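Chemist: what follows is a predicted structure for the sequence shown.
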Amino acid sequence: MNRTHPRKPPASPWRSVLVASFVLFGLLLAPFSMRSAAASSSSHAEIRAALASEQASDVVRAIAALEALGGQTAQQVLTALQERQLKVDGTGAVFIVPGRDLDTATPAFPDLGGAAPSPPVRAVPLNNAIRRELQRALARVRLTSEDLASRRRAAQELAARPTPEIADLLRTRLAEEQDDEVLDALRLGIAKLDLEDADPQRRIAALECIAELCDVSMIDTLRAMSEPAPDGTYRESHEDVRAAAATARSVLERRLALFNVAANTIYGLSLASVLLLAALGLAITFGLMGVINMAHGEMLMLGAYATFTAQRLFATYAPEHADAYLLLAVPLAFVSTAAMGVLLERTVIRRLYGRPLETLLATWGLSLILIQATRMLFGAQNVSVANPSWLSGGWDLMPNVVVPYSRVAVLLFTAVVVTFVWLVLQRTSLGLRVRAVTQNRDMAASLGIATSRVDMWTFALGSGVAGLGGVALSQLGNVGPELGQQHIIDSFMVVVLGGVGNIAGTVLGALSFGMANKFLEPITGAVLGKILILGLLILFIQRRPQGLFALKGRAAEN
């Protein structure tokens, strides 16, 4: 059976015409592309020669040329110059060298070619005048970058210190930009420049924009515009503009007050979490054994140094996993400080039960011994524990209020530790024995509970929790031999305020102490604030000696 195949339709004549048109158009553009590439190479050659010069004026001229040229290459070269990574070799070629090893060098202008740097190699000169020009040029180049983060950073830098020379650039970018954050920064920069405009209406519009965008850094400027000088004259001559400046200033001052409340709350919670970790172990040992352990602060210090040791171990033996050092630091700090607590309890403290004055003096001496031993082992200078990369930076809740990731992590870590301690004391046999001994030691002993062993393990638990507090402290500041001395008194105050031996009271006491300290400090100063808090605590203890939460049981009645 014969089958007839459909015949292909004849090719459209328009397709041939289109193909021929594209080919002809490409041939016409080729000379222009080659000319553009040649011009770009010529510009790069001139810029490279200026950067290779040892004259600061030539470097400034090269920066201006790079700014006018724009593009990714210009941004890379300007960034390398800012970070002192731009080098010139003996032949005048310019390279970007990220480190000290010349093997990592790459040509600053790839279109000009270039092999490895030829010695001698020197850095491109960088003085204050060059830095000022470089900062402005880099911000302008980044403002036209395709990378959104670069544009946001550049817009914020220009909005912070706008100059009349960039007014046209800001207005041009305002009409072309699509990102809201960049647009707000551009509007703010333009508004700051418009405050000097001769038209009063533009000044009023600028003031309304500043109030809308809530730039609290402009409060002093607005105060100078709305209030008379000491001689009675006004900086701003127009009455309507002065009224608008006063209105904008009141808006910003209200926002600033709100910012301060938010910041004080965040840092008060952070301080409360640190005090809670420091006081939690103290509440356990003080509540159970009645021991005034002045060496408890050194458990914090040992936990912080355990974190420092874990960081050094990872940096030496597993640098590719350096950010994971906290996985070792937490158990290392707990175990090492718990073991130190067992050692102190078995050798010294157990021989001084019932003699509070001797215990206080002995533990004070032990704290001095631990401090000196730490100085001999790690040195007298403070050491730094770097935050892991995932704890670096923070959340911008609002202008001028940044919540560091490290402080949020400390809050969460504190919640985990408090939950752990509560579960140990409420859901384990050790916790049952601890509560029994705390309420009535003699009755617990008569029921067969080994009170001396309970003392040992309780002291180990309290010391281990303090070691975990040291891990948290290492993420918030430097670590030094006197770290524990800075927190021991506050820890005792928290324990007494909350009620001796009561976890819920310790949590509430730490929260009250931390928040009161942060809200009083800006008003009264750090020293006077501490004095006022101590006075309030004394008055509270006079009215309620048992603290916020009293112990229950027969021991509380004695």
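Modeler: Happy to help now that I have it. Residues are numbered from 1 along each chain as shown.
Chemist: give me the below-cutoff pLDDT ranges for the stretch 451-558 of the chain.
Modeler: For the stretch 451-558 of the chain, applying pLDDT under 70 flags the ranges 500-501, 550-558.
Chemist: low-confidence ranges in the stretch 251-400 of the chain?
Modeler: Confidence mapping of the stretch 251-400 of the chain against pLDDT under 70 gives the ranges 287-288, 397-400.
Chemist: redo that, cut-off 50
Modeler: Segments of the stretch 251-400 of the chain classed as low confidence (criterion: pLDDT under 50) are not present in this model.
Chemist: can you give me the helices in it?
Modeler: When secondary structure is read from DSSP state H, counting those that start in this stretch, the stretch 251-400 of the chain shows helices at 296-317, 325-347, 356-378.
Chemist: and the ones you listed: which comes nearest Ile204?
Modeler: Proximity to Ile204, assessed across these by CB to CB, is greatest for helix 325-347 (53.5 Å). For every residue, glycine as well, the C-beta is placed using N, CA and C.
Chemist: the helix or strand where Thr458 lies vs helix 296-317, what angle?
Modeler: Taking DSSP states H and E as the criterion, Thr458 maps to helix 451-474. For helix 451-474 against helix 296-317, the angle by axes from the mean of the first three to the mean of the last three CA atoms, to 10 degrees is 60 degrees.
Chemist: centre of the chain to helix 451-474, how far?
Modeler: For helix 451-474, the distance between its averaged C-alpha position and the chain's averaged C-alpha position is 29 Å (CA atoms, centre = their mean, to the nearest Å).
Chemist: and it, what does it pack against?
Modeler: Using 3 or more CB pairs under 8 Å, 6 or more residues apart in numbering; DSSP states H and E as the contact criterion, the secondary-structure elements in contact with helix 451-474 are helix 239-289, helix 296-317, helix 325-347, helix 405-427, helix 429-439, helix 441-446.
Chemist: so after that helix, what's the next helix or strand?
Modeler: Next in sequence after helix 451-474, counting helices and strands by DSSP H and E, comes helix 488-498.
Chemist: who are the contact partners of the nearest residue to Ala386 once chain neighbours are set aside?
Modeler: Here the nearest residue to Ala386 in space, its sequence neighbours aside, is Gln311; by CB to CB, 6 or more residues apart in numbering that works out to 6.9 Å. By CB atoms under 8 Å, 6 or more residues apart in numbering, the contact list for Gln311 reads 322, 325, 329, 385-386.
Chemist: quick check: the nearest residue to Leu78 once chain neighbours are set aside vs Gln76, distance?
Modeler: The spatial neighbour of Leu78 that comes closest, neighbours along the chain excluded (CB to CB, 6+ apart), is Leu138 at 4.5 Å. Distance of Leu138 to Gln76, computed by CB to CB, to the nearest Å: 11 Å.
Chemist: between these two, which is the more surrounded one?
Modeler: Leu138 (24 against 19; other CB atoms under 10 Å).
Chemist: what helix or strand does the more buried one sit in?
Modeler: Using DSSP H and E, Leu138 falls in helix 128-143.
Chemist: show me what counts as buried in that helix.
Modeler: Of the residues in helix 128-143, those scored as buried under the neighbour-count criterion (16 or more other CB atoms under 10 Å) are 130, 133-134, 136-143.
Chemist: mind listing the strands for the stretch 51-200 of the chain?
Modeler: When secondary structure is read from DSSP state E, counting those that start in this stretch, the stretch 51-200 of the chain shows strands at 86-88, 94-96, 106-107, 122-123.
Chemist: roughly how far apart are Gln381 and Gly477?
Modeler: Using CB to CB, one gets 14 Å for the distance from Gln381 to Gly477.
Chemist: Leu508 now?
Modeler: Separation of Leu508 from Gly477 (CB to CB): 25 Å.
Chemist: same drill for those two, tell me which one is more crowded.
Modeler: Neighbours were tallied for Leu508 and for Gly477 using other CB under 10 Å; the higher tally belongs to Leu508 (20 against 15).
Chemist: nearest to Asp180 among the contacts of Gln311?
Modeler: Checking the contacts of Gln311 against Asp180 by CB to CB gives Ala386 as the nearest, at 34.1 Å.
Chemist: now for that closest one, how many residues are close by?
Modeler: For Ala386, the tally of surrounding residues (other CB under 10 Å) stands at 15.
Chemist: next up, the contacts around the closest residue to Gly509 other than its chain neighbours.
Modeler: Counting by CB to CB, 6+ apart, Gly509 lies nearest to Gly498, which is 3.1 Å off, once chain neighbours are set aside. Contacts were defined as CB under 8 Å, 6+ apart; by that measure Gly498 touches 279, 283, 504-510, 547-549.
Chemist: just the ones of those in helices?
Modeler: Among the contacts of Gly498, the members falling in helices (DSSP state H) are 279, 283, 504-510.
Chemist: I'd like to know which of those residues are buried.
Modeler: Buried subset of the ones in helices among the contacts of Gly498 (neighbour count, 16+ other CB under 10 Å): 279, 283, 505-510.
Chemist: circling back: nearest to Ser150, of the contacts of Gln311?
Modeler: Distance from Ser150 was checked for each of those by CB to CB. The minimum falls on Ala386, at 25.8 Å.
Chemist: can you pull the contacts of the closest residue to Gln75 other than its chain neighbours?
Modeler: Distances taken as CB to CB, 6+ apart put Val141 closest to Gln75, at 5.0 Å, once the chain neighbours are dropped. Counting by CB under 8 Å, 6+ apart, Val141 touches 66-67, 70, 74-75, 78, 154.
Chemist: can you tell me how far Gln82 is from Ala248?
Modeler: Using CB to CB, we find Gln82 at a distance of 35 Å from Ala248.
Chemist: can you check Leu534 too?
Modeler: The span separating Leu534 from Ala248 equals 42 Å under the rule CB to CB.
Chemist: got JSON lines for the strands of the stretch 51-200 of the chain, with distance to Ala445 and mean neighbour count too?
Modeler: Supplementary listing: those in JSON lines, determined by distance: least, CB to CB, whole Å; neighbours: other CB atoms under 10 Å:
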{"stretch": "strand 86-88", "distance to Ala445": "76", "mean neighbour count": "21"}
{"stretch": "strand 94-96", "distance to Ala445": "75", "mean neighbour count": "22"}
{"stretch": "strand 106-107", "distance to Ala445": "76", "mean neighbour count": "14"}
{"stretch": "strand 122-123", "distance to Ala445": "75", "mean neighbour count": "12"}
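Chemist: JSON lines for these, including distance to Met493?
Modeler: What follows is the strands of the stretch 51-200 of the chain, written out as JSON lines (distance: least, CB to CB, whole Å):
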{"stretch": "strand 86-88", "distance to Met493": "55"}
{"stretch": "strand 94-96", "distance to Met493": "56"}
{"stretch": "strand 106-107", "distance to Met493": "59"}
{"stretch": "strand 122-123", "distance to Met493": "54"}
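Chemist: out of these, nearest to Leu207?
Modeler: Closest to Leu207 of those, according to CB to CB: strand 86-88, at 42.2 Å.
Chemist: the residue nearest to Ala229 when sequence neighbours are not counted: neighbour count?
Modeler: Take Ala229 and drop its neighbours on the chain: the residue closest to it by CB to CB, 6+ apart is Arg235, 6.7 Å away. Neighbouring residues of Arg235 were enumerated by other CB under 10 Å; the total is 14.
Chemist: and if you look at Leu461?
Modeler: The local packing count at Leu461 equals 25, with neighbours defined by other CB under 10 Å.
Chemist: distance check, Leu328 against Thr428.
Modeler: With CB to CB as the criterion, Leu328 and Thr428 are 25 Å apart.
Chemist: which of those two has more neighbours?
Modeler: The residue with more neighbours, out of Leu328 and Thr428, is Leu328; 17 against 11, by other CB under 10 Å.
Chemist: isn't the more buried one up against Ala310?
Modeler: Yes - here Leu328 reaches Ala310: they are 4.3 Å apart, a contact under CB atoms under 8 Å.
Chemist: and which of the contacts of Gly498 is nearest to Pro125?
Modeler: Each of the contacts of Gly498 was scored against Pro125 by CB to CB, and Ala510 proved nearest at 54.3 Å.
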